[in-house]
Structures are given as structure tokens and as C-alpha cells.
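[1] What follows is a predicted protein model with its sequence.
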Amino acid sequence: MPPHLSTATRHINVNSTHQPAKFYNNIISTCKYSPLSFIPRFLFEQFRRYNNIFFLCIALLQQIPDVSPTGRYTTLFPFCIILLVSALKEIFEDLKRRTSDNKVNNFPTKILDKGRWRDAQWKDVKVGEIIRVENDHLFPADLLLISSSEQQGMAYIETSNLDGETNLKIKQSLPLTSHLTSLDALSPFTASIECEHPNRHVNEFSGNLHIEGEESKHFGIDQLLLRGARLKNTAWICGAVIYTGHDAKILLNSKLAPLKQSNVDIMTNRRILFLFFVLVTLAIISAIGAELYNRSYIPEAWYISWILKDGAGFLWNVLTFFILYNNLIPISLQVTLELVRFFQASFINNDLGMYHAESDSCAVARTSNLNEELGQVKFVMSDKTGTLTQNIMKWKRSSSTFFRCSVGGVSYGDSESDQFADERLVDDCKKAPDSDHSTAIRELLTMMAACHTVVPEHKEGKLLYQGSSPDEGALVRGAAAIGVVFHTRQPQRVVLNMLGKDESIEILDVIDFTSDRKRMSVIVRTEDGRVKLYTKGADTVIFDRVGEKSKATMNTLMEHLEEYASFGYRTLCFAMKEIPQDRYAQWSADFKQATLKIDDRQKAIDACAEEIEADLELVGATAIEDKLQQYVPETIQALMAADIRVWMLTGDKRETAINIAHSCALCTHHTELLIVDKHTYDETYDKLVQFVARSRQYEEEGRGW
């Protein structure tokens, strides 16, 4: 182990049988029970139900001689049958989970072993080994991408099993290992990996790759292939295993199957508790009556006077009546509920109304304990992009402005065309190539075509674009449609055809988009040697970082953005600035140091980004349309008719969100909009209190929203 490695991180020897620590194997289990835990867990789950505790007590009391008026086994026998039926149902459902686990653990894969690819199963994969995954196969563990069949070590993956996203994401190996594509090159390859310990953060990762005789290189989430993701449009990849089994990020996010309890079970427990006290009360009243009868009438009836001599006391009578009245709580209640749930789950599994023909998939009820919860849903919270919308983006509008332009700004495109088709944009760029307005248009088109992570693919004479972000793909395709074609990507360079002339742009640094930053930046060096910073992101974060020279045109651009948002478009702002060579050299050293950190790496990167992303020049904005999926308005109307509250979650501008809410029938023109636009906790709290008071007033008046 290199002496500088920290014990606070995980250390892995790649392509070596000797590891510095012991790691989990790659066998996974999602079962609810094990052979040893079945009886205690099952009994614990069953006796959380008060009726089972009640009948257990009755069965035990009936074993006391001369107490039970109904026999010793009248409750015990049916109670055992009920537990047996419940146990068989739990075993049946858990066996299905175990069968699924065994199927996954025995998936085939290939492991590099003594200079050859050995056929193996997922359960055989170990940390540090190099494995080969072929197209349309799942990744058996969390891997560091070493190389692939594509240029520059690119790989396309689908993560629908992890996050439901069907659009492909791009991963790229480090230039240090991307050439290791043959068996002869991989066999002698050795390295050490220093990375963070297993955690649940699927969108964050930090590690360093150390190869003897080479400079240490940082790798992050762009080089990490998560277990359960699927390789697409790539013949094969080779990867080094980092996390296996229950150390994998997807397994860390899936807990042991909990013992779930539905609202019906909770309500049943309360009713049974009430009936129990009623039963105890009846038993006490009856025992009091028996005691009074014995003292008042039995002495006069000489022919049954022996009852007093052999008779039981008051508590004995209470127990007798308690057992006698136990049918007040029906013993068949629980078994009836279990059978109903079991058949409900079968109906769900075979419901043609929930069958999706395109993917040949149907609904799967993995547990029947919560079926009735489906009918008690009160709130539905839905993401907008990709859930309510098709996630198919089209560039529709554009606004160009520049700090030196005498005109506030020009808006291009219209809302009637299916996609951007305004020839004025290119015409204005060609009319006066040296004008400020033309320069602004060229910078905007350059950023659309170069500031992204999209990868071009040449297949059968056609240029295709693969990207993890549909927004980026829409902008690149839109720029290509009007003559700015992005056609080549190299590890540190992109080549554009700018209106008929190829331009090579060197990519110096990329500051990735994050949910906190809400922007992405690329630092490039143009053909004339100038260093430029290109930044795109949400208008709020871009406007906060523009310089004084751009303030004059900001109002015009904001008007354009509000117009685009009123049509429900997704808006994006673009800004740039030129960086002096000496200033960039100083900043680049700090940024490189920040990227090599393991602990607090993102904070260090954000600090460097804040330093360079300041005093920007506002260039323009774009609008992208994402149409609703089929039957979204009808579905939301049906949910709301069932008195289900539907929430749409989106990070778009307010105007865009309101427009989409109207389009998907979430609200109508008669709906009163309640807008919370405060910036402090106290102001927001006061506003919400006012809205709550108004909503109660509406309910009292019988008015809807």
C-alpha cells in the first residue's frame, strides 16, 4: 500500500488476489426470513396483532382443568390452523424472493483469470478483479470503468432499474486506462485504488487511481458503473470491481424487508382492544351475577346444594365467562383477511389493465400485506420530467443579447412550429460577422454545441447524439439543424462545423452540473489561443453572477424568459467570459488540487467554481419543450375525482410550472393559486399559516380550490 494512503478510505489492489482488507462477497439476499429467523420473526409479526394474542390467551386458559365450558381444544386447534395458513403464505412469498435472489446470484459474467476470460457467476465476483460485461447485460457489482469497445473508453448505460430513467447515460474511462482494450494489455495491468467507503449516495463518488510510474488520477461518478445498471449500445466494457454484494450502492439503499403493518391491521387492533375490554366487562358482570345467584338461590335448592361445596370463587367464574364469550372476537377474522389479501395479490399480478405491452411487463405484488393501502392513498407526489412528460426535448425558442449591444435583445423562434425553425438567427449571424449582435449569436451557438457531455456517433452514414441529459441533446440537435454541427469528441477536444467551417475547441476543465449549483461550466481554449469560460444554468444562478456591463440587458432577457415560461417551456441561460492566461494557470492548479481530494471534495470544487464563475457576460437564453405523456390529464382527473391530492414536483420557473399544471389538468382557470414566494423561514411560515386558515374557511363554505 502506498504510504500516503489514508486508513479512512478503502484501498483495493486491482487484478490481484491479495487485498489489504476483507470485503463482502457478491452474494445478495433480499429475503424477509432466513431458516433461523423465520420462527421468531414470523411469531413477532403475528403477535403484533392483538386478536392473535387474545386467542393465544384463550387457548392457554382452556388448558386449565374444569375452567373451560367449551373444551380444551376448541380454540387451540383452529388457532394453530390460522397460524399455519399465515406461515404458508409468508413462506410462499419469501420463496419467490429467494428464487429471484438465486437467479440474480447465478447470472453469468466473465472474470480475468491468469491471462484468460473465465466464465463465472455473479456470486463468484470479488473486489479487485477485472471483469468483462457485454452489451445489454447488467453490471454484477459497482465497477471502475477501465476500457470499452468505443472510442476514448465511452460506454452507454441505462439506469431504469435504479432510478426509473430510460434515457442513456454516458460513462467514460480515464485516458490512463482507455487503451487497455486487449487481453494482452489487461493481463499484466495492476494498480491500486483509493476510494471512499461504501455509502448510499448513488450520485456521488470520489477516488484516486494509482499506477506505478504514472501520476495519480482522480475518478468520480462518471467512471463508476453501478450494480443493476445495464450496458447499452456498447459491445463490451472492462471494469475493476470496487464494491460487491451488500456493499454495492443499490443494496445499501435497500434495507432488510421490514415487517409492515397496514392501516387495516392498526384499525383492527384498536377494534379488538375495544372488544377485549367489552368482553372483560361482560365476564365480570356475569361473574357478579353468578355470585349473587349462588348466594341467593342455591341454598334454597337442596338438590343442587353441592355446587356451593365444590363451586369456584369469583375469579374462577370470571375466567369461565371470559372463555365462554370469546366468540365476541371472531377467530376467523385474521385468516379471512390473509386469504383476501393473497387473492388480491394474484388479481394484481394478472390484471391486464396494468400490463405494459411495449416492455412486456406487468404489475408485481411482492408482498400482499399492504394491498388495502392502495385504496387508502391520500397524496400522490409526482416528478414532472419523464413522469408526466415524455422526456423528449425539442428546442423551440432563443433569445440573444450582449452587453455591448445597443438593442436590449432579440427573440427568435415561435411556439407554433414543432421545433426551432427561425432562419433569422443564422441570417443575423452572417449579415455583419464582426458586430456585437453577430458575435453574441456565434457564442450562443458555440455554447449550445460545445458546453455539454453529449457524444456524437457515426452510424450508417448518420450522425447520432448520445447523452445523459435530454436538454443537452435537444440543444446539440437544434444547433446542428441550423448549421452548427458538433461531430467529433476527443478526450480533451471537440470539433464543430460552424456554418460550413470546422473549428477545434480544446476542453481545459469541466465543472459539472449539480442540484446545488444549478449550472454547468466548461473552460475552453479556442483556435486563436484565448481561454474562455462558458456557463449555462438556471436564470436565478446566472443572473447572480453577471457583471455590471450585462445588467442593462438583463431586464429584456427576463421578459423573454417569462414569455417562454408562459408556454410551459424549460428555460436555460447562457453566459461567458474571457480569462487571462496567467489567471487561468493559477486557478487551474487550485482546481486540480480540489479534484484529487477524497474528503469534502465537492465543497472544494464548489469553492473554486465560485471563484471563477463571477463577473460573467450575459449571452442569451433558450427554451425547450417537453410534451406531456399520453392520458396524463385523464389520469390526474381520475385521481382527483377519487379525492386524492396530487402534487407535481418540478424545479422549473413558476410560470412554467403553472402552465404545465393547467395542461395536465392539475388545476383549472377557476383554481385559486396560492403562491409562497418568501425568502426567510419566518415569512414563509406566516404565509403558510394564512393559507391553512383560508383552506379551512373554504372547507367550511363548501368551496373547492
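    Looks like it came in fine. Residues are numbered from 1 along each chain as shown.

[2] Quote the end-to-end distance of stretch 65-72.
    Using C-alpha to C-alpha, to the nearest Å, one end of stretch 65-72 lies 8 Å from the other.

[3] Show me what counts as buried in stretch 440-450.
    For stretch 440-450, a neighbour-count test (16 or more other C-beta atoms under 10 Å) marks 440, 441, 442, 443, 444, 445, 446, 447, 448, 449, 450 as buried. C-beta coordinates here come from the backbone N, C-alpha and C atoms, glycine included.

[4] Contacts for it, please.
    Around stretch 440-450, the neighbours that count as contacts under C-beta atoms under 8 Å, 6 or more residues apart in numbering are 398, 400-402, 405, 425, 428-429, 475-476, 478-480, 482, 484-486, 494, 496, 498, 505, 522, 524, 534, 536, 574, 576, 619-620, 622.

[5] Swap in 6 Å and give it another go.
    Contact with stretch 440-450 is made by 400, 402, 429, 475, 479, 484, 486, 494, 496, 505, 534, 574, 576, 619-620, as judged by C-beta atoms under 6 Å, 6 or more residues apart in numbering.

[6] Just give the number of residues close to the nearest residue to residue 210 once chain neighbours are set aside.
    Spatially, and ignoring its direct neighbours in sequence, residue 210 is nearest to residue 192 (4.6 Å; C-beta to C-beta, 6 or more residues apart in numbering). The local packing of residue 192 (other C-beta atoms under 10 Å) involves 20 other residues.

[7] Residue 192 sits in which helix or strand?
    According to DSSP states H and E, residue 192 maps onto strand 191-195.

[8] Could you please name the strands the helix or strand that comes right after that strand pairs with and the direction of each pair?
    Next in sequence after strand 191-195, counting helices and strands by DSSP H and E, comes strand 206-210. Its sheet considered, strand 206-210 pairs with strand 191-195 (antiparallel), strand 217-220 (antiparallel) by DSSP bridges.

[9] What lies in contact with the shortest one?
    Strand 217-220 is contacted from outside by 174, 176, 205, 206, 207, 208, 209, 595, 596, using C-beta under 6 Å, 6+ apart.

[10] same question, the longest one
    For strand 191-195, the surrounding residues in contact (C-beta under 6 Å, 6+ apart) are 5, 9, 10, 11, 12, 13, 14, 207, 208, 209, 210, 211.

[11] just those residues: which has the poorest pLDDT?
    Least confident by pLDDT among those: that is residue 5, with 38.

[12] then stretch 533-542 to CSV, C-alphas only?
    C-alpha atoms of stretch 533-542 as CSV (Å, rounded to 0.1, in the frame of the first residue of the first chain):
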residue,chain,number,x,y,z
LEU,A,533,-15.4,30.2,-19.6
TYR,A,534,-18.8,29.1,-20.9
THR,A,535,-21.6,28.7,-18.3
LYS,A,536,-25.2,27.6,-18.6
GLY,A,537,-27.8,27.1,-16.0
ALA,A,538,-30.9,28.4,-14.3
ASP,A,539,-31.6,32.1,-14.7
THR,A,540,-31.5,32.8,-10.9
VAL,A,541,-27.9,31.5,-10.5
ILE,A,542,-26.7,33.0,-13.8
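
[13] which helix is the longest one in this structure?
    Longest helix in the chain, counting residues (DSSP state H): helix 263-296.

[14] starting at the chain centroid, how far to that one?
    50 Å (C-alpha atoms, centre = their mean, to the nearest Å).

[15] quick revisit: kindly reformat the contacts of strand 217-220 as TSV containing distance to residue 457 and neighbour count.
    Output for the contacts of strand 217-220, formatted as TSV (distance: C-beta to C-beta, whole Å; neighbours: other C-beta atoms under 10 Å):
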residue	distance to residue 457	neighbour count
174	21	19
176	24	17
205	26	22
206	29	22
207	28	21
208	31	20
209	27	22
595	28	19
596	32	13
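
[16] and which of those is nearest residue 345?
    residue 205 (37.7 Å; C-beta to C-beta).

[17] The closest one reaches residue 221, doesn't it?
    Yes: counting by C-beta atoms under 6 Å, residue 205 does reach residue 221; the two are 4.6 Å apart.

[18] Three-state assignment for residue 503, please.
    Assigned with DSSP: H, G, I helix; E, B strand; the rest coil, residue 503 falls in the strand class.

[19] Measure how buried it is and give me the count.
    17.

[20] how close does it get to residue 134?
    According to C-beta to C-beta, to the nearest Å, residue 503 stands 37 Å off from residue 134.

[21] By neighbours, which of the contacts of stretch 440-450 wins?
    residue 619 (31 neighbours).

[22] how close does the nearest residue to that one once chain neighbours are set aside get to residue 475?
    Distance criterion C-beta to C-beta, 6+ apart; nearest residue to residue 619, sequence neighbours excluded, is residue 574 at 4.5 Å. Residue 574 sits 10 Å away from residue 475, going by C-beta to C-beta.

[23] what do you get for residue 345?
    Distance from residue 345 to residue 475, by C-beta to C-beta: 46 Å.

[24] From what I see, residue 98 and residue 32 are in contact.
    No: using C-beta under 6 Å, residue 98 makes no contact with residue 32, being 9.6 Å away.

[25] Those two: who's more crowded?
    Using other C-beta under 10 Å, the more surrounded residue of residue 98 and residue 32 is residue 32, with 22 against 17.

[26] any idea which helix or strand comes after the lowest-mean-pLDDT helix or strand in the chain?
    Within the chain, judged by mean pLDDT, DSSP states H and E, the helix or strand with the poorest mean is helix 306-310; its value is a mean of 56. Sequence-wise, the next helix or strand downstream of helix 306-310 (DSSP H and E) is helix 314-324.
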